[in-house]
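> return atomic coordinates for the entry below.
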Amino acid sequence: MISHQRTNGPSLLLQSTPSRPSSTMLSGSGIKIFSGSSHPELAEIIARRIGLNLSNGEIGQRGVGGESTVRLAESVRDNDVYIVNTACGQVNTGLMELCIMIHACKIASAKRITAVIPLFPYARQDKKDKSRAPITAKLVANMLQTSGCDHVITMDLHASQIQGFFDVPVDKLFAEPSVILYIRTHFNLDDIVIVSPDAGGAKRATSVADRLGVDFALFHKERKKANEVSRMVLVGNARGKTAILVDDMADTCGTLIMAAAQLADAGAEKVFAIVTHGILSGNALPALMESKLEKLIVTNTLPQKENQAACPKIEVIDIGVVLGEVIRRSHYGESVSQLFHQVPY
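This next block holds a predicted model:
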């Protein structure tokens, strides 16, 4: 297991116990997988999927100012290095850790450095939505490239144009195959309708509905300000059916909770929600408990153990096997496009 704890004192060692051999096992030489402090559990799942141990690195904070410190505890010379860190908790700290780790690998003569970022930081700040507003997602892309990143692996970007902010390859994975597999194994397809909580997510939801061969509906919503919806109108029919809301992320969950209430009023028998990134900030958990949602199904792009303990309505889909398979294929120069449509075994 990974030992991980954040303190303001000495650096702590991030490492794993030996993992069991896997059918997809990589050779021990030539590849290293490091974990940042944001989600070591996911990094362990990824490493176990491809039959490797996590490489050892010391990550901590120095002094009252909380400067991030990193030291690689093993050689990376001429190795293919993968660094797993995601945007959760202290996002700025995690981002600086990632940049420092990339830089440490670069000056230690790593052959190629890949940042594995399941939830891309600042992905919602992808355009100038008002005067003098920054495009922070572009700044993050610049930071990663300047640090020495050669390749990025991420999942369900909030805005696809973020790929264009990079001058290095970006593999944008989709949670859709895992979501479809979950729906097929947990629901009766004759009784469900896939619902998009807003017009912006219609393409995602219609893709899921088309592949399942089920009905589709969507909400038109108006916002007073960010994260606050004033009015929602259902376009489509959910009467007598199990409605499944599909979206890329759930932050305060205000939209999903309002949509669930509207669907219940429109005659839906049960309402579920499936999202890729369960950020669940603010009062999201108590609000979920009081909502009409039967369950909120999220992937483990972010750590969810504490959320599950506080809210029994939360269920997790593991996407670590997908990320592990992408790393294996990337290392051997194989195509990853097949993973856009199916879950690896």
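> count the residues that sit near Ala310.
Ala310 has 13 neighbours, counted by other C-beta atoms under 10 Å. C-beta coordinates here come from the backbone N, C-alpha and C atoms, glycine included.
> pLDDT at it, what is it?
Predicted confidence (pLDDT) for Ala310: 96.
> now do the contacts for it.
Leu285 (C-beta atoms under 8 Å, 6 or more residues apart in numbering).
> hmm, who's touching the top helix by length along the chain?
Secondary structure of the chain per DSSP state H: the longest helix is helix 91-107. Here helix 91-107 makes contact (C-beta under 8 Å, 6+ apart) with 34, 36-38, 57, 59, 61, 66, 68, 70-72, 76, 81, 83, 85-88, 113, 115, 117, 121-122, 140, 143-144, 147-149.
> same question, stretch 137-153
With C-beta under 8 Å, 6+ apart, stretch 137-153 has contacts from 82, 95, 98-100, 102-103, 105-107, 112-117, 120-126, 159, 162, 165-171, 173, 323, 326-327, 330.
> those residues in strands, which ones?
Secondary structure of these is defined by DSSP state E; positions in strands are Tyr82, Arg112, Ile113, Thr114, Ala115, Val116, Ile117, Val170, Asp171, Leu173.
> can you redo those as TSV with pLDDT?
TSV is the format used below for the ones in strands among the contacts of stretch 137-153 (pLDDT from 0 to 100):
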residue	pLDDT
Tyr82	98
Arg112	97
Ile113	98
Thr114	98
Ala115	98
Val116	98
Ile117	98
Val170	96
Asp171	96
Leu173	96
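> who wins for most neighbours among the residues you listed?
Within the ones in strands among the contacts of stretch 137-153, neighbour counts (other C-beta under 10 Å) peak at Tyr82, which reaches 30 neighbours.
> am I right that that residue is in contact with Ile327?
Yes. Using C-beta atoms under 8 Å, Tyr82 makes contact with Ile327 at a distance of 5.5 Å.
> can you measure across stretch 82-91, start residue to end residue?
By C-alpha to C-alpha, to the nearest Å, the extent of stretch 82-91 from end to end equals 19 Å.
> buried residues in it?
Under the neighbour-count criterion of 16 or more other C-beta atoms under 10 Å, stretch 82-91 has Tyr82, Ile83, Val84, Asn85, Thr86, Ala87, Cys88 buried.
> tell me the gap between the longest helix of the chain and the middle of its chain.
In terms of C-alpha atoms, centre = their mean, to the nearest Å, the centre of helix 91-107 is set 18 Å apart from its chain centre.
> compute the inter-axis angle for it and strand 112-117.
In terms of direction (axes from the mean of the first three to the mean of the last three C-alpha atoms, to 10 degrees), helix 91-107 departs from strand 112-117 by 170 degrees.
> what about the stretch 101-250 of the chain, any weak spots by pLDDT?
By pLDDT under 70, the weakly predicted segments of the stretch 101-250 of the chain are 222-230.
> where do the helices sit along it?
Remark: helices assigned in the stretch 101-250 of the chain by DSSP state H, counting those that start in this stretch are 136-147, 176-186, 202-212.
> relative to Glu315, which of these is closest?
For these, the distance to Glu315 is smallest for helix 176-186, at 8.8 Å, taking C-beta to C-beta.
> against Arg211, how distant is Ala259?
The spacing between Ala259 and Arg211, counted by C-beta to C-beta, to the nearest Å, is 22 Å.
> still on that earlier bit, mean neighbour count and distance to Ile153 added to the helices of the stretch 101-250 of the chain, as a markdown table?
Below are these laid out as a markdown table (neighbours: other C-beta atoms under 10 Å; distance: least, C-beta to C-beta, whole Å):
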| stretch | mean neighbour count | distance to Ile153 |
| --- | --- | --- |
| helix 136-147 | 18 | 12 |
| helix 176-186 | 17 | 16 |
| helix 202-212 | 17 | 20 |
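> continuing past the helix or strand encompassing Leu288, what's the next helix or strand?
Under the criterion of DSSP states H and E, Leu288 resides in helix 284-290. Later in the chain than helix 284-290, the nearest helix or strand by DSSP H and E is strand 293-299.
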